[in-house]
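1. Here's a sequence, model it:
(one chain, ligands or ions: 2)
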Amino acid sequence: MADAPSSSFSAGAVVGTTLREHVLFSMHAAPGATGEFTSLINHLSLAIRIINSRVRAAGLANLLGYTGEINVQGEAVQKLDVFSNDVLLNVLERSGHCAVIASEELDELKFSNRDGKYVVLFDPLDGSSNIDTNVGIGTIFSVLRRRSTGAASQDDALRPGTEIVAAGYVLYGPATVFVLSTGNGVHCFTLDPDVGEFFLSQGNVRCPLRGNGYSVNEGNFSRWDPRVQAWNTWIKADDQATQRPYGHRYVGSLVADAHRVLLKGGIFVYPADSKSPTGKLRLLYEANPMAFLFEQAGGMATDGVNRILDIVPSAVHQRVPLAIGSSEDVIAYRRFLTQA
Ligand code: AMP
Ligand code: P6P
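-> Ligands and ions are numbered 1, 2, ... in the order given. Predicted coordinates:
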């Protein structure tokens, strides 16, 4: 009988850098750091590992299917959404570091620890419409340093993405990958399920200056602004001299589509359309964290005209059109959107 498969690491293997060690190293490089930020990231990692364990076992743990409730987005809430939201809220509240928490699953902001230094904004389980079809889904978050003193308010959450101090996403795909930036580049960590730790799998990720793929839901073509239609027709036209057509890839799960663009280059676009006149994706906990990560990796993110990170939010669940990816591909898109 064949030997039982060994675990990911045999005794003699060199053990990789864990997420915990990586964040500890970067803490020592942060002047005057008290360790609160590091503790917050480690708490996020714990919540994500708990969510991962349930995502992996959802079919067995009767967590698939709908709760019957409707969330603030008007979408039917699936059980894993609810579980993921509850885990993040519980772990972050226990951390003691969060003054304000925003979640796609919460109608209102959660005012947590009065003395908390940080604001955490998250989509607990993005792409949930894909849960029952076993397609990659994800968790997206951003962390801001609270500016106010005394009682926290909504203004602490409605800050532009330029004030983000950390952002990340987790892709629950064939492997569970945690992509994180704390302001010094983008680093990927892969979960070793046997060990229960995230190990550095790709350090200093750079988004290629230009790619050869585009990602958009072409089913919305008839609803798009003519300038978006013109870009879409251009990018798939046959012109070898400018390396077109681009290949089309679209999963319908932001984290899965964005991760591919981050690593391979190209562009992901969710434009405004006649059905969603301000776009579908949320500024605070989808577009902004993704924009922070892509800029840290040398990419770009725009609403078609403005830099995403410069947008001053006016509402917690505000939507925004999003074009994100390789700088050359985003600039080309923006050229179509800003032409007269
Ligand atoms: P702290 O005193 O631990 O709340 O950290 C203060 C600031 O230093 C944070 O808001 C970060 O901008 C930076 N910082 C602290 N720890 C880290 C870390 N582990 N990695 C990167 N930046 C950090
Ligand atoms: P559509 C998932 O519901 C989501 O919020 C994002 O993850 C994804 O990019 C987008 O919506 C897909 O939307 O309209 O193409 O199904």
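
2. doesn't residue 124 make contact with residue 44?
-> No: Residue 44 lies out of contact with residue 124 (C-beta atoms under 8 Å); the separation is 11.4 Å. In this view, the C-beta of every residue, glycine as well, is placed from N, C-alpha and C.

3. residues bridging contact with these two, i.e. touching both?
-> residue 88 (C-beta atoms under 8 Å, 6 or more residues apart in numbering).

4. what residues does this protein put near ligand 1?
-> Residues of the chain lying near ligand 1 by C-beta under 6 Å from any ligand atom: 23, 26-27, 30, 33-38, 117, 145, 165, 182.

5. Dump these into JSON lines; add neighbour count as well.
-> Formatted as JSON lines, those follow (neighbours: other C-beta atoms under 10 Å):
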{"residue": "23", "neighbour count": "22"}
{"residue": "26", "neighbour count": "20"}
{"residue": "27", "neighbour count": "17"}
{"residue": "30", "neighbour count": "15"}
{"residue": "33", "neighbour count": "12"}
{"residue": "34", "neighbour count": "10"}
{"residue": "35", "neighbour count": "11"}
{"residue": "36", "neighbour count": "14"}
{"residue": "37", "neighbour count": "21"}
{"residue": "38", "neighbour count": "19"}
{"residue": "117", "neighbour count": "18"}
{"residue": "145", "neighbour count": "14"}
{"residue": "165", "neighbour count": "18"}
{"residue": "182", "neighbour count": "23"}
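
6. Just put the residues you listed in CSV and tack on pLDDT.
-> Output for the residues of the chain next to ligand 1, formatted as CSV (pLDDT from 0 to 100):
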residue, pLDDT
23, 96
26, 94
27, 94
30, 92
33, 95
34, 96
35, 96
36, 97
37, 97
38, 97
117, 96
145, 96
165, 98
182, 97
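
7. Can you tell me which of those end up in helices?
-> 23, 26-27, 36-38 (DSSP state H).

8. Pull the most distant pair out of those residues.
-> 26 and 36 (13.9 Å; C-beta to C-beta).

9. How many residues are close by the residue of the stretch 101-250 of the chain found nearest ligand 2?
-> Residue of the stretch 101-250 of the chain nearest ligand 2, by C-beta to the nearest ligand atom: residue 217 (3.5 Å). Counted with other C-beta atoms under 10 Å, the neighbours of residue 217 add up to 14.

10. so what's it up against?
-> Residue 217 touches 250, 252, 270, counting by C-beta under 8 Å, 6+ apart.

11. and if we set it to 10 Å?
-> By C-beta atoms under 10 Å, 6 or more residues apart in numbering, the contact list for residue 217 reads 250, 252, 257, 269-271, 273, 280.

12. And these, which of them are buried?
-> Buried members of the contacts of residue 217, scored by 16 or more other C-beta atoms under 10 Å, are 250, 257, 269-271, 273, 280.

13. near ligand 2 too, which of those?
-> Applying C-beta under 6 Å from any ligand atom to the buried ones among the contacts of residue 217, those adjacent to ligand 2 are 257, 270, 280.

14. Give me the pLDDT for the last one.
-> According to the prediction, residue 280 has pLDDT 98.

15. For it, which non-adjacent residue is closest in space?
-> Excluding the flanking residues, the one nearest residue 280 by C-beta to C-beta, 6 or more residues apart in numbering is residue 270, at 5.6 Å.

16. From the ones in helices among the residues of the chain next to ligand 1, pick the one nearest residue 58.
-> Distance to residue 58 across these (C-beta to C-beta) is lowest for residue 23, with 28.3 Å.

17. List the buried residues in stretch 297-313.
-> Within stretch 297-313, the residues that count as buried by 16+ other C-beta under 10 Å are 297, 299-304, 307-309, 311, 313.

18. scratch that, stretch 255-275 is what I was asking about
-> The neighbour-count check on stretch 255-275 (16+ other C-beta under 10 Å) flags 255-273 as buried.

19. Any idea how far apart the tips of that stretch sit?
-> Taking C-alpha to C-alpha, to the nearest Å, stretch 255-275 runs 22 Å from one end to the other.

20. change the start of the numbering to 51 and stick with it
-> Will do, 51 is the new start, and the previous item becomes stretch 305-325.

21. chain center to that stretch, what's the gap?
-> Using C-alpha atoms, centre = their mean, to the nearest Å, the distance from the centre of stretch 305-325 to the centre of the chain it belongs to is 11 Å.
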